[in-house]
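Q: everything below, folded, please.
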Amino acid sequence: MDLLMSHSSSFLLPPSIPSDNNNNNNNNPSLTYALVLLNQRLPRFTPLLWNHAQLCLCADGGANRIYDEMPHLLPHEDPVDVRNRYKPDVIKGDMDSIRTEVKDFYENLGTKILDESHDQDTTDLHKCIAFIRDFKPNLDKSNLCILVAGALGGRFDHEIGNINVLCLFSNIRIVLLSDDCLIQLLPRTHHHEIHILSSVEGPHCGLVPIGTASAKATTTGLQWDLDDTEMKFGGLISTSNIVREEKIMVRSDSDLLWTISIKKSI
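A: This is a model prediction of the structure:
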């Protein structure tokens, strides 16, 4: 029997507003969210992501971003109240970017500080994903989805490192987010059903082979569907495609990256 994995960007909706496509069924169960914040400009919808998350981590200098930028995302609230309310559970990384006053501020609020400066072989995002996987026994991991804010933009080698984390932890749902788009891995071990929330995402999308070429990729629901199509770098990749249905089906003999634009209205 083919294994089916269902996807929805319902984390871009307020927690009190269920998606019509996010029904509680065996293919699309309710997810448990964790949030990782990296050292890039925070997406404008970061408070929304935070409200979905049961666990919030900052990767090193991501703590500076929360301290500096979260009050600007909530301009009608008192900055001190915002900083006290949006307190990360954990700050983890090699601690070469976080400012001393920021580290002291959150430590005094009870945030756990984990200095991993001895490990220079993995990125700060890798360290955070491994922590969520290995050291949070009370977090329901059966339907875990890790949202990563500030994962795109800035230095290209950092972006590629973040995409590499998707491949390293291919058995965990991880979504990389910026103001403009999201990226997630569609493992070849499953067929994929992507529920499109047209109020917050699309219509532009893409499918990109990662790791190895895809000899056979098939989709339904796109403006330019694939039909046992070969995709590879140096050949065809599906960029600037358009979603035309509320449900996209994808199957491939290799891992693919799915990306879709995020609307400016959220």
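Q: so where's this protein uncertain?
A: Applying pLDDT under 70 to the chain flags residues 1, 17-29.
Q: got the residue ranges for the helices in it?
A: For the chain, the helices defined by DSSP state H cover 46-52, 62-73, 79-85, 100-108, 124-135, 156-168.
Q: and the lengthiest strand in the chain, which strands flank it?
A: Of all the elements of type strand in the chain, the one with the most residues (DSSP state E) is strand 201-209. Within its sheet, strand 201-209 is paired with strand 238-242 (antiparallel), strand 256-262 (antiparallel), according to DSSP bridges.
Q: could I get the helices of the chain as a markdown table with mean neighbour count and distance to Val243?
A: C-beta coordinates here come from the backbone N, C-alpha and C atoms, glycine included. Putting the helices of the chain into a markdown table (neighbours: other C-beta atoms under 10 Å; distance: least, C-beta to C-beta, whole Å) gives the following:
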| stretch | mean neighbour count | distance to Val243 |
| --- | --- | --- |
| helix 46-52 | 19 | 22 |
| helix 62-73 | 20 | 28 |
| helix 79-85 | 13 | 35 |
| helix 100-108 | 14 | 39 |
| helix 124-135 | 20 | 28 |
| helix 156-168 | 16 | 21 |
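Q: mind giving me CSV with those helices and columns for distance to Gln40?
A: Shown next, in CSV, are the helices of the chain (distance: least, C-beta to C-beta, whole Å):
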stretch, distance to Gln40
helix 46-52, 11
helix 62-73, 7
helix 79-85, 19
helix 100-108, 16
helix 124-135, 11
helix 156-168, 8
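Q: ok, which of these comes nearest Asp227?
A: If you check each of the helices of the chain against Asp227 by C-beta to C-beta, helix 156-168 wins as the nearest, at 25.8 Å.
Q: ok, how many other residues are close to Pro187?
A: For Pro187, the neighbour count with other C-beta atoms under 10 Å is 17.
Q: I should have written Lys263 there, sorry.
A: 14.
Q: that's all I had, so thanks and see you.
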